[in-house]
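>>> this one's sequence-less:
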């Protein structure tokens, strides 16, 4: 609608300036030293919702970081859209690999470089500005509620309690989330599902203290060596996961879905060049897009032990550690897979070392029904602004709160992500294209329009 375009064009510089202010707040949920920053960011989000036109907004404390809630109820007989996002961000390590300060946003080549720019401050803020557009042009067709949490990056440990005790407050007809990606602005897509997550940490202990590697080397099992062997045993020659029962509950994608996924443009040379690798790696029998969407995976997220400082120290370490995660697909359960991972690492401990394996957090896989009126509204909205129908794809990441929302609220979720897989999420130099930011603000009002009409 022209009035939306006119308003957005008139205020686009302010929209960007406001986002940059949010990006300057180091709201790292996993670090206790950022507790004050988390509170500051929650209050800032609350104020932005009020400025955009909600009737009320409030910061709700939890046992961890607070949840921000806001709402605009125009007519109880009209459908209600619940917008979910998160204001917390990942840690910035390793800092030396950033080209600029993570919390001093830099705009370069049409992209915003900053931690949280795409995940998820830039994406949830599209909804705030789209909402403002509809409010200021007197064209809001739905009731809108916002729930912006501060613990997504640490597994949303307190969100279930908040949601289960505020079901009336959060009552809605659909949940709209922009915490995913699309293929590109030239080839728009909608995620019809995200993978689940199982995350554990393993500690391997050998001798009761660090030892001189010359005096004791060859006589005592080295925990790092033993841990490396244990990890290496998790995949076979075809890169299939060897943990007993890992694939038992996997629902294989149908030939029709695999054929639909194959329509997505893919250039392996460009893919490898962008990542700086000479060869791709993955489960035998599946394409790259299938490996990152419809298949479960097991990845080593971190490993450490012994001496890692400057120079040399000939030490045989007492301990070695690893963080390991699995991405899950329908019909896998994070609880079941976590227990399988823990059991596996405890049982394969080589002689001479002891193993302690503990759970961090997890989440369930989620699929969106593509025949729902909400999905059709999202597809129509993208077609209205991109002038081509979006391709349905499965996202490789995880949003653990999806199954939680459906359990307690009984409503479906639609993903409308405007980021890109190349946005360096969770990595140094995270970015978000300005074109994608503005395209999201342009497109989201159409979702509300079409959802109200359907």
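Happy to help now that I have it. Bear in mind that the values here come from a model prediction, so they are computed numbers and not experimental data.

>>> where does pLDDT dip in the stretch 251-400 of the chain?
Scanning the stretch 251-400 of the chain for pLDDT under 70 picks out nothing.

>>> now the strands for the stretch 301-450 of the chain?
315-316, 319-328, 354-363, 366-367, 391-394, 413-415, 431-433 (DSSP state E, counting those that start in this stretch).

>>> report all helices and strands that the second one contacts.
Using 3 or more CB pairs under 8 Å, 6 or more residues apart in numbering; DSSP states H and E as the contact criterion, the elements in contact with strand 319-328 are strand 196-205, helix 223-232, strand 297-305, helix 334-347. Heads up, the C-betas are built off the backbone N, CA and C, glycines and all.

>>> in TSV: the ones you listed, plus mean neighbour count and distance to residue 165.
Converted to TSV, the helices and strands packed on strand 319-328 look like this (neighbours: other CB atoms under 10 Å; distance: least, CB to CB, whole Å):
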stretch	mean neighbour count	distance to residue 165
strand 196-205	22	24
helix 223-232	18	41
strand 297-305	15	32
helix 334-347	18	23
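
>>> as a markdown table, the ones you listed with distance to residue 176 would be great.
Conversion of these to a markdown table gives the following (distance: least, CB to CB, whole Å):
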| stretch | distance to residue 176 |
| --- | --- |
| strand 196-205 | 21 |
| helix 223-232 | 39 |
| strand 297-305 | 28 |
| helix 334-347 | 24 |
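
>>> tell me how this protein divides into domains.
2-194+365-453, 196-250+296-363 (automatic domain parsing).

>>> want to throw those domains into a markdown table with distance to residue 268?
Below are the domains of the chain laid out as a markdown table (distance: least, CB to CB, whole Å):
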| stretch | distance to residue 268 |
| --- | --- |
| domain 2-194+365-453 | 14 |
| domain 196-250+296-363 | 17 |
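
>>> excluding its backbone neighbours, what's nearest residue 5?
residue 442 (7.1 Å; CB to CB, 6 or more residues apart in numbering).

>>> you'd agree the one you found is up against residue 382?
No - look at residue 442 against residue 382 with CB atoms under 8 Å: they stay out of range, at 10.5 Å.

>>> rewinding a little: out of the strands of the stretch 301-450 of the chain, which gets nearest to residue 400?
Smallest distance to residue 400 across these (CB to CB): 2.3 Å, for strand 354-363.

>>> what strands line up against the closest one, and which way round?
Using DSSP bridges, strand 354-363 pairs in its sheet with strand 196-205 (antiparallel).

>>> residue with max distance from the center of the chain?
Most distant from the centre of the chain: residue 215, at 47.1 Å, with distances by CA atoms, centre = their mean.

>>> what residues does the helix or strand hosting that residue touch?
Under the criterion of DSSP states H and E, residue 215 resides in helix 213-216. For helix 213-216, contacts defined as CB atoms under 8 Å, 6 or more residues apart in numbering pick out 207, 314, 315, 316.

>>> and for stretch 241-258?
In contact with stretch 241-258 (CB under 8 Å, 6+ apart) are residues 233-236, 261, 290, 294, 296-298, 326, 329-333, 336-337, 340-341, 344.

>>> at 6 Å what do you get?
Contact partners of stretch 241-258, identified using CB atoms under 6 Å, 6 or more residues apart in numbering, comprise 234, 236, 294, 298, 329, 330, 331, 332, 340, 344.

>>> ok, now stretch 121-137?
3-4, 7-8, 15, 19, 22-23, 48, 52-53, 83, 85, 140, 144, 148, 178, 432, 437, 440-441, 444-445.

>>> pLDDT (mean, whole number) over it?
For stretch 121-137, mean pLDDT is 98.

>>> run the chain-centre distance for that stretch.
21 Å (CA atoms, centre = their mean, to the nearest Å).

>>> ok, now stretch 413-428?
Per CA atoms, centre = their mean, the centroid offset for stretch 413-428 relative to its chain is 7 Å.

>>> please identify the buried residues of the longest helix seen in the chain?
If you go by DSSP state H, the chain has its longest helix at helix 2-23. The neighbour-count check on helix 2-23 (16 or more other CB atoms under 10 Å) flags 4, 7, 8, 11, 15, 16, 18, 19, 20, 22, 23 as buried.

>>> now for it, which elements pack on it?
Here helix 2-23 touches helix 121-136, going by 3 or more CB pairs under 6 Å, 6 or more residues apart in numbering; DSSP states H and E.

>>> can you rerun that using 7 Å?
helix 35-52, helix 121-136, helix 434-453 (3 or more CB pairs under 7 Å, 6 or more residues apart in numbering; DSSP states H and E).

>>> quick one: the longest one to helix 2-23, angle?
So that's helix 434-453. 120 degrees (axes from the mean of the first three to the mean of the last three CA atoms, to 10 degrees).

>>> contact partners of helix 434-453?
4, 8, 12, 15, 78-79, 81, 110-112, 122-123, 126-127, 129-130, 133-134, 141-142, 174, 176, 178, 185, 373-374, 377-378, 380-382, 384-385, 416, 418-420 (CB atoms under 7 Å, 6 or more residues apart in numbering).
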